[in-house]
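Q: Next comes the sequence, and after it the predicted model I'd like to discuss.
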Amino acid sequence: MNTQASKARRRLGAALGTALLVTVIWAVAAIGLESAPGSAPESGRAGGAEPHEGVEAGTAAALLEELPVKGRAPRTGYDREQFGAGWKDPDRNGCDARNDTLQRDLDGAVLDGPCTVLSGVLSDPYTGARIEFVRGPSSSQAVQIDHVVALSDAWQKGAQTLSDERRVDFANDPLNLLAVDGPTNSRKGDADAASWLPPQRGVRCAYVARQVSVKAAYGLWITGPEREAMRRVLAGCPEQPAYAPDGSPIGLSPSGHSTAATNSG
């Protein structure tokens, strides 16, 4: 297997566990993930999803079955500033979420002071390519920060009912942020898993597990086609966890099996 592709998979999986503990996700799932007022689930089961055979408790596939399933709400009222103006510093380490993500995901990051990332090299999780990042108006867009669950998608699937503070948390949550190839991120846009998946197939399990984890943590729902797309991906990695049982970060070995992994930075 290509060494850079393997590294990209490990980086995508490792970043998955940096933000939230498994207990938070399962606490959200346990209370049924309340639906938005006035919107009825598509299925008759509480939580909006029918039982799906062949999933193991504690896996991303099992957590997926707990997500409510409803239609997409109108995009009416959506604006990027509904999720806060610009990048924030959610962990209060003095660095904004964009620079934190670049420091985490770039190899050999060069800093100006404690926070501002000037340069580095990205092993892009979406394409497997090695991309040089150089800060500047004409070069920074080569590497972009992707909201794995796009803000517009979240807005149409429950985020309209979140508080302003909670939406700011969502937009700056490390669990929902990845440094990725800029053009690929632009092509993704605000697509969900039914419409877009990473070109590099080997990272799709970790990518979908991350989306499931984010949506569970923030009480968001999924559409029927989105659930089916996620099921198809996770069927190829039935043991893929949303989180390791002890809440530690997870990663993917070169064989594609889930393994405990530490954050690379």
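A: Good, I have the coordinates. Numbers count the residues shown, from 1 in each chain.
Q: Could you use CA atoms for every contact and neighbour count after this?
A: Will do.
Q: contacting residues for residue 209?
A: 60, 61, 234, 240, 241, 242 (C-alpha atoms under 8 Å, 6 or more residues apart in numbering).
Q: Among those, find the lowest-pLDDT one for me.
A: Among the contacts of residue 209, residue 241 carries the weakest pLDDT, at 84.
Q: Okay, and the beta partners of it?
A: residue 59 (DSSP bridges).
Q: Please report how far it lies from residue 174.
A: 18 Å (C-alpha to C-alpha, to the nearest Å).
Q: Need the pLDDT of the residue of the chain most remote from its centre.
A: Residue farthest from the centre of the chain, counting by C-alpha atoms, centre = their mean, is residue 113 at 28.4 Å. For residue 113, the pLDDT comes out at 96.
Q: same deal with the one 5 residues further on?
A: Residue 118 is assigned a predicted lDDT (pLDDT) of 98.
Q: begin at 553 from here
A: That works, and once the first residue is 553, the last one we named lands at residue 670.
Q: Need phi/psi at the nearest residue to it once chain neighbours are set aside.
A: Sequence neighbours aside, residue 687 is the residue nearest to residue 670 in space, at 4.9 Å (criterion: C-alpha to C-alpha, 6 or more residues apart in numbering). When read as degrees, to the nearest 10, the backbone of residue 687 gives phi -70, psi 140.
Q: Residue 687: what's it in contact with?
A: Contacts of residue 687 by C-alpha under 8 Å, 6+ apart are 669, 670, 671.
Q: if we can go back for a sec, widest-spaced pair of the contacts of residue 761?
A: 786 and 794 (10.9 Å; C-alpha to C-alpha).
Q: if you count what's nearby, which of those two comes out ahead?
A: residue 794 (32 against 24; other C-alpha atoms under 10 Å).
Q: quick one: the closest residue to that one other than its chain neighbours and residue 743, what's the gap?
A: In space, and not counting its chain neighbours, residue 794 is closest to residue 612: 4.4 Å by C-alpha to C-alpha, 6+ apart. Using C-alpha to C-alpha, residue 612 is found at 20 Å from residue 743.
Q: Neighbour count for the two, which is higher?
A: residue 612 (28 against 15).
Q: And the strands in the chain, which stretches?
A: 658-664, 668-675, 682-686, 695-699, 729-733, 802-804, 810-812 (DSSP state E).
Q: Lowest average confidence across these, which one?
A: Minimum mean pLDDT among the strands of the chain: strand 810-812, a mean of 34.
Q: Tell me the predicted confidence for the residue nearest to residue 670.
A: 96.
Q: now swap in residue 707 and tell me
A: pLDDT, residue 707: 98.
Q: show me where this structure has helices.
A: Per DSSP state H, the chain carries helices over the ranges 555-568, 574-582, 612-616, 649-657, 703-707, 716-724, 734-740, 756-769, 776-787.
Q: hmm, back to that, go through the strands of the chain and pick out the most buried.
A: Burial of those is given as mean neighbour count (mean count of other C-alpha atoms under 10 Å); strand 802-804 ranks first at a mean of 27.
Q: So which of the strands of the chain is nearest residue 776?
A: Closest approach to residue 776 among these (C-alpha to C-alpha): strand 695-699, 21.4 Å.
Q: so what secondary structure elements neighbour that closest one?
A: Secondary-structure packing of strand 695-699 (3 or more C-alpha pairs under 8 Å, 6 or more residues apart in numbering; DSSP states H and E): strand 729-733, helix 734-740.
Q: Now do it: everything it contacts.
A: By C-alpha under 8 Å, 6+ apart, strand 695-699 touches 650, 653, 674, 683, 685, 723, 728-734, 737.
Q: Give the partner strands of it in its sheet and their orientations.
A: The pairing partners recorded for strand 695-699 under DSSP bridges are strand 729-733 (antiparallel).
Q: how close does the nearest residue to residue 742 once chain neighbours are set aside sit to residue 737?
A: Distance criterion C-alpha to C-alpha, 6+ apart; nearest residue to residue 742, sequence neighbours excluded, is residue 702 at 5.0 Å. For residue 702, the distance to residue 737 (C-alpha to C-alpha) stands at 11 Å.
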